[in-house]
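Novice: I need the structure of the sequence given here:
(chains A and B, ligands or ions: 2)
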Amino acid sequence: MLCEQCGQRPASVHYTEIVQGKKNEYHLCEVCASQKGQAAYQALAGPFSVNQLLSGLLHFDSTVAPRSDAPAPRCEHCGLTFAQFVKIGQFGCAHCYETFAEPLGPLLKRVQSSDHHTGKIPKRRGGAMTLRRELNQLRKELQVSVMEERFEEAAQLRDRIRGLEQHLSSDGNV
Amino acid sequence: MSLSDFLSQASSKWLRDEGPESDIVISSRVRIARNLAGHVFPLIATESDKQAVLDEVERAVHQPHVAQLGRFEMLKMGNLSAVEQAVLVEKHLVSPALLESSGSAVILRDDEEMGMMVNEEDHLRLQCLLPGYQLDAAYSLAERLDDALEESLDYSFDETRGYLTACPTNVGTGMRASVMVHLPALVLTGSIQRILSAVTHVGLAVRGIYGEGTDALGNLFQISNQITLGQSEQEILSNLHGVAKQIIDHERIARQHLLQQNKDPIEDRVCRSFGILAYARQIDSKEAMQRLSDVRLGIDLEIIKGVSANILKELMVATQPGFLQKYYEHEMTPGERDVKRASMIRERLRMDQG
Ligand SMILES: [Zn+2]
Ligand SMILES: [Zn+2]
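Specialist: Ligands and ions are numbered 1, 2, ... in the order given. Next comes the predicted model:
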């Protein structure tokens, strides 16, 4: 089946939307679906506070959820379903973040500034994560210094990267 | 007990002390949400789950890392009277949501500048609350408490999503930083609306402390970050600093403008409000907040002398229902509270003249 919006790409997103009691079925490609989502978001984003905004977004997202032939996702650890999350706006446990990672990703991008944490890492338990983040930062700096032909600096960075890589692999958690 | 003894015993350090920029910034607060690995969130937790979290946190607080930050005491919400609960909310030490949640508690350092709510929406909400404009100091205190607790607690943390919280609007840093500001001149000159809507465009939120929107009672507003994921703690704080500094500048300019362009009306307004507070025999909390805001502005503009500037902060809390009932030691109807509120305010004004 082709996307009913553009008629070019295969339709991979199927959902029903209920607007004022009227039921519409959609079969869209990913590109058109995300554009449609964006438009709905713009309309919702108006004068709302973040909490209202969040519940608005969640309710919108619930209409994008898979149709009833697929089993409703449920967190194995706490039993929460996505529909319950949409209603309450809260998760039941930390594992819900993995269980509902797929619908959560775009939501986070909209209510937060990105879907990736760049802040603090726990000091005692986060050792390897801190090193990995430092390693990524150094790799980026290395690319820049090579591009700008600052080779002396690049050599120094490469040494530091090797050192970190060895440190991480000796801990067995690269 | 005399009112001055009562106020010094019953109030927190942030209410008694002055801080930097305290002509405009009443207080600075940092809250950090944390959850413990291996426990479901309070939303679906049973009483025994909540008790287990409470026990784990209590043990952590007694570890040397936390103990060296000061003396902490735990108050279980279920063991407090309605008045005692109300007083904690009025002092901004616990959220109203904590009272709704069963098996909840607050753990406070004796100066009440540092503490944590247990089993609110998240297992832990660390809080540091300082007088005046001290955002960085409040964050570094909160961070020390966070690190000290993490020495013995395993937090729910994910490399990509950061600190995992019950609500995804807090995930990432789990941090809400805020300043409480008194903006009477921006409200009087009508420029508040424009400034508030500008602020919401940069990922911050502004709300009235008492009452909503621009009807904020006592012209008191809270500016806080909305985004918790994708920005580091330092980025969030420096954003908030940037905006707070601009708002402080605007308020100062508006105050000078009022004094130069509208001297008579502003003096009249301030002095009338002072007269009402000094002589009224009954006053509701809405009017009290507005009059206190006028008087505080009068003190800052040196129209009123010999009255301590702290009066707004102290009385905005002490004239709330919980505090009034605690001071007069009995439950009151709203009508009775209006009479006692007026009486407390008169007594407080006499303290400065004595
Ligand atoms: Zn398409
Ligand atoms: Zn779960």
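
Novice: now do the strand or helix carrying residue A:166, average pLDDT.
Specialist: Secondary structure from DSSP states H and E places residue A:166 in helix A:151-170. The pLDDT scores in helix A:151-170 average 89.

Novice: stretch B:293-312 now?
Specialist: On average, stretch B:293-312 scores 94.

Novice: my guess is residue B:296 contacts residue B:307, does it?
Specialist: No - in this structure, residue B:296 is not within contact of residue B:307 by C-beta atoms under 8 Å, at 9.1 Å. Placement of C-beta: from N, CA and C, glycine included.

Novice: those two - which one has more neighbours?
Specialist: Using other C-beta atoms under 10 Å in any protein chain shown as the criterion, residue B:296 and residue B:307 rank with residue B:296 on top: 27 against 19.

Novice: list the contacts for that one?
Specialist: B:182, B:184, B:309, B:311-312 (C-beta atoms under 8 Å, 6 or more residues apart in numbering or on different chains).

Novice: distance of residue B:333 from residue A:137?
Specialist: According to C-beta to C-beta, to the nearest Å, residue B:333 and residue A:137 sit 63 Å apart.

Novice: isn't residue B:104 up against residue B:95?
Specialist: No - using C-beta under 8 Å, residue B:104 makes no contact with residue B:95, being 10.0 Å away.

Novice: what's the closest non-adjacent residue to the residue nearest to the spatial centre of chain B?
Specialist: Residue closest to the mean C-alpha point of chain B, counted by C-alpha atoms, centre = their mean, is residue B:92 at 4.3 Å. Excluding its sequence neighbours, the residue lying closest to residue B:92 (C-beta to C-beta, 6 or more residues apart in numbering or on different chains) is residue B:129, at 6.3 Å.

Novice: is the one you found bridged to anything, and to what?
Specialist: Beta-bridge pairing of residue B:129, defined through DSSP bridges, involves residue B:29.

Novice: next one, pLDDT for it please.
Specialist: 96.

Novice: and it, how many neighbours?
Specialist: With other C-beta under 10 Å as criterion, residue B:129 counts 26.

Novice: report the contact partners of it.
Specialist: For residue B:129, the contact set (C-beta under 8 Å, 6+ apart) comprises B:12, B:14, B:27-29, B:92-93, B:112-113, B:138.

Novice: narrow these to those in helices?
Specialist: B:14, B:138 (DSSP state H).

Novice: and residue B:86, what element?
Specialist: Here residue B:86 is assigned to helix B:82-90, by DSSP H and E.

Novice: next SSE downstream of that helix?
Specialist: helix B:96-100.

Novice: name the residues that touch that following helix?
Specialist: Against helix B:96-100 from outside (C-beta under 8 Å, 6+ apart): B:77, B:85, B:89, B:104, B:106, B:117, B:119-121.

Novice: what stretches of chain A score poorly on pLDDT?
Specialist: A:12-26, A:30, A:33-72, A:171-174 (pLDDT under 70).

Novice: now the strands for it?
Specialist: Along chain A, counting by DSSP state E, strands occupy A:13-19, A:22-28.
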